[in-house]
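> Predicted model, plus sequence, below.
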Amino acid sequence: MIEFLGYLGALCIGIVLGITGGGGSILTVPVLVYVLQLNPIIATAYSLFVVGTTSAFGSIQNFRKGLVDIKSALRFAVPSVLGVYLTRKYLVPEIPDPVFYFASLQLTKATFLMVLFAIVMFWAAIAMLKSKKDNPVPEITNKYGTIVQLFFVGVLIGLIGAGGGFLIVPALTKLARLTIKKAIATSLLVITINSLIGFSGDLQNIEIDWLFLLSFSAFSILGIFIGLYLQKFINEKLLKKIFGLFILLMAFIILYKELFS
């Protein structure tokens, strides 16, 4: 039953990715940790592979529609992918366990990663719930500063195992001057590159259950095709608002479970 719910979750991840062009990846780690009971360290690594392979299929569809700016994607992927790879290869294995302890209180490595993940979920939910009017696109002031920001976006993606589209899309609109539609499509290619190269940094650090990982990814890929089909019939803006509220609720639940239960 648990395995069935896990694969159903994988299908839902793909469907949301297909409909919204992003956002579904933030569900991957909670499904792996709380439904399939995987260790958060393993879950964040697996999530990068699932997100990377699923986004790759979405990128192919967007490329056929002429929505992907490959030049911008590659330019943006370089600093962020460096951050993801170095984080998975060197930083995550070196995080102490416990991260912090005082007397009888301690913060384990697994709890630290899930609390960080919940904080990012809050951030993602707020980004989804805000309208474009609430998020004006500012003028470019410092290109080098943006490169540094992208590197740290990569570090964050590496720590939590999510795609980070809600961070990459604004950067693409600001620096590459892409329309929001092209920015979302191009971000999927950036996410693909970041996630798969980031995952490669884990290959020597953890033992991979390839049979499970490939089957889970297959359900997520199936979901993205279903989502792309359903996209024609669903109000994307309304769905993003509903999904944003759902992510916000999940963030509260994760924080409560990790810190108070």
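Okay, I see it.

> alpha carbons only for contacts and neighbour counts from here, please
Noted.

> just the strands in the stretch 51-200 of the chain please.
Here the stretch 51-200 of the chain has its strands, by DSSP state E, counting those that start in this stretch, at 100-102, 105-107.

> I'd like to know which elements the first one is packed against.
Translated: strand 100-102. Strand 100-102 is packed against strand 105-107, with contacts defined by 3 or more C-alpha pairs under 8 Å, 6 or more residues apart in numbering; DSSP states H and E.

> Counting neighbours, which bits of the strand it packs on end up buried?
Leu107 (16 or more other C-alpha atoms under 10 Å).

> Sheet partners, orientation included, of that strand?
Here strand 105-107 is paired, per DSSP bridges, with strand 100-102 (antiparallel).

> Show me the helices in this structure, by range?
2-20, 28-30, 40-64, 70-86, 92-94, 109-129, 143-160, 165-175, 180-200, 210-230, 236-260 (DSSP state H).

> and Phe100, which of those is closest to it?
helix 109-129 (8.7 Å; C-alpha to C-alpha).

> Counting by contacts, list what that closest one packs against.
With 3+ C-alpha pairs under 8 Å, 6+ apart as the test, helix 109-129 has helix 40-64, helix 143-160, helix 236-260 packed against it.

> out of these, deepest packed?
Of the helices and strands packed on helix 109-129, the one with the most neighbours on average (mean count of other C-alpha atoms under 10 Å) is helix 40-64, at a mean of 24.

> Where does pLDDT dip in the stretch 151-261 of the chain?
Counting by pLDDT under 70, the stretch 151-261 of the chain shows low-confidence ranges at 236.

> re earlier: quick one: closest of the helices of the chain to Tyr101.
Closest to Tyr101 of these, according to C-alpha to C-alpha: helix 109-129, at 11.1 Å.

> That closest one versus helix 143-160: what angle between them?
Per axes from the mean of the first three to the mean of the last three C-alpha atoms, to 10 degrees, the angle that helix 109-129 makes with helix 143-160 is 130 degrees.

> The chain should start at 36 in everything you say after this.
Will do, 36 is the new start, and the previous item becomes helix 144-164.

> which residues sit against helix 144-164?
Helix 144-164 is contacted by residues 58, 61, 74-76, 130-134, 194-195, 201, 275-276, 278-280, 282-283, 285-287, 289-290, 293-294 when judged by C-alpha atoms under 8 Å, 6 or more residues apart in numbering.

> Verify the stated contact: Leu275 with Thr55.
Actually, residue 275 is Lys. It isn't Leu. Yes. Using C-alpha atoms under 8 Å, Lys275 is in contact with Thr55, at 7.0 Å.

> Quickly note the distance from Ser139 to Lys216.
Ser139 is 51 Å from Lys216, where distance means C-alpha to C-alpha, to the nearest Å.

> pretty sure Ser252 is in contact with Val85, am I right?
Yes. Between Ser252 and Val85 there is a contact under C-alpha under 8 Å: 5.0 Å.

> so where's the stretch 36-185 of the chain uncertain?
By pLDDT under 70, the low-scoring segments of the stretch 36-185 of the chain are 56-59, 166-178.

> one more time with 50, if that's ok
Within the stretch 36-185 of the chain, the stretches with pLDDT under 50 are 169-175.

> For stretch 101-109, list the C-alpha coordinates in PDB.
This file holds the C-alpha atoms of stretch 101-109, laid out as PDB (Å, rounded to 0.1, in the frame of the first residue of the first chain):
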ATOM      1  CA  GLY A 101      10.100  27.100 -29.700                       C
ATOM      2  CA  LEU A 102       9.900  28.300 -26.100                       C
ATOM      3  CA  VAL A 103      13.400  27.400 -24.900                       C
ATOM      4  CA  ASP A 104      16.300  29.900 -25.100                       C
ATOM      5  CA  ILE A 105      19.200  27.500 -25.100                       C
ATOM      6  CA  LYS A 106      21.900  30.200 -25.000                       C
ATOM      7  CA  SER A 107      20.300  31.700 -21.800                       C
ATOM      8  CA  ALA A 108      19.800  28.300 -20.300                       C
ATOM      9  CA  LEU A 109      23.500  27.300 -20.700                       C
END
